[in-house]
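got a predicted structure plus its sequence, pasted below:
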Amino acid sequence: DAGVIQSPRHEVTEMGQEVTLRCKPISGHNSLFWYRQTMMRGLELLIYFNNNVPIDDSGMPEDRFSAKMPNASFSTLKIQPSEPRDSAVYFCASSSEGALYYGYTFGSGTRLTVV
Amino acid sequence: AQSVTQLGSHVSVSEGALVLLRCNYSSSVPPYLFWYVQYPNQGLQLLLKYTTGATLVKGINGFEAEFKKSETSFHLTKPSAHMSDAAEYFCAVSRGGGADGLTFGKGTHLIIQP
């Protein structure tokens, strides 16, 4: 299995531009999570999906952030417009029904820099 | 709400010495506890987890952790540190009773001195 695949690995964009981060979960996993990692706040859960349906988006910081999961093998996290304070590493993770016993699998992350 | 506190943002040990990384949790439901490791510029890798049953949990790379309910702790240990153990370590607790994600601690940066 290739694991959780995120793209791009690095993204540098100018303030005000739209940014789209992508994630392909592990085949057969039915839950997908987006996390943000910063020095100040650590790892924060932004949103998670179960069977492609958003379950909890209470961690999404502002309306500028949106996430979709059109099918079981693909999810996007979009920031529009982007701001310098959005600079962070964004992780995607997926899990199966047995997440509490098998754990959550993380991707390698996307390092976003907004200048 | 569930929370995790990791004592010490940086821990330095000599190669061959005992590694002890501290984690305390707060949970309103029976906790499921995890330790993840993050190497530079990489994602998080699961080290070990406690779900139910035996309170001493063994993980990969010689690490183990003990769940102590009375102390609300889940400290991570390794008898003998290796240079390759240098990384960031995160303790996490399940957000609820189901598989609805994890709440992470702020992390502990482990430094190995030669």
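Cool, the structure landed.

what about B:Y89, is that helix, strand or coil?
Under the three-state scheme (DSSP: H, G, I helix; E, B strand; the rest coil), B:Y89 adopts strand.

got it, and the one 10 residues further on?
Secondary structure, three-state DSSP: B:A99 is coil.

who's in contact with it?
Applying Cβ atoms under 8 Å, 6 or more residues apart in numbering or on different chains, we find B:A99 in contact with A:31, A:95, A:97-100. Heads up, the C-betas are built off the backbone N, CA and C, glycines and all.

relative to A:G28, how far out is it?
Distance of B:A99 to A:G28, given as Cβ to Cβ, to the nearest Å: 14 Å.

out of the contacts of B:A99, which one sits closest to A:I5?
A:S95 (15.3 Å; Cβ to Cβ).

that closest one and A:Y102 touch, don't they?
Yes. Between A:S95 and A:Y102 there is a contact under Cβ atoms under 8 Å: 7.3 Å.

for these two, work out which one has more neighbours and name it.
A:S95 (25 against 15; other Cβ atoms under 10 Å in any protein chain shown).

which residues are contacting stretch B:32-51?
Applying Cβ under 8 Å, 6+ apart, the contact partners of stretch B:32-51 are A:4, A:91, A:93, A:100-101, A:103-109, B:21, B:23, B:25, B:31, B:57-61, B:63-65, B:67, B:74, B:76, B:87-94, B:102, B:104, B:107.

quick check: residues of chain B near chain A?
Contact residues, chain B versus chain A (Cβ under 8 Å from any Cβ of the partner chain): B:32, B:34, B:36, B:42-46, B:49, B:51, B:90, B:94-95, B:98-107.

and with 10 Å instead?
Contact residues, chain B versus chain A (Cβ under 10 Å from any Cβ of the partner chain): B:4, B:6, B:32, B:34, B:36, B:38, B:41-49, B:51-52, B:88, B:90, B:92, B:94-107.

can I have the buried ones of the residues you listed as a PyMOL selection?
Only the buried entries of the residues of chain B next to chain A go into this PyMOL selection, using 16 or more other Cβ atoms under 10 Å in any protein chain shown:
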select buried, chain B and resi 4+6+32+34+36+38+43+44+45+46+47+48+49+51+88+90+92+94+95+96+99+100+101+102+103+104+105+106+107
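
distance of the closest residue to chain A within chain B from B:Q113?
With Cβ to the nearest Cβ, the shortest gap between chain B and chain A falls at B:A99, namely 3.5 Å. Applying Cβ to Cβ, the value for B:A99 to B:Q113 is 39 Å.

before we move on, what about B:L18?
In terms of Cβ to Cβ, B:L18 sits 13 Å off from B:Q113.

now for these two: what residues contact both?
Common contacts of B:L18 and B:Q113, defined by Cβ atoms under 10 Å, 6 or more residues apart in numbering or on different chains, comprise B:A81.

for the closest residue to B:L110 other than its chain neighbours, what is the enclosing helix or strand?
Using Cβ to Cβ, 6 or more residues apart in numbering or on different chains and skipping residues adjacent in sequence, the residue nearest B:L110 is B:V11, 5.5 Å away. In this assignment (DSSP states H and E), B:V11 forms part of strand B:10-14.
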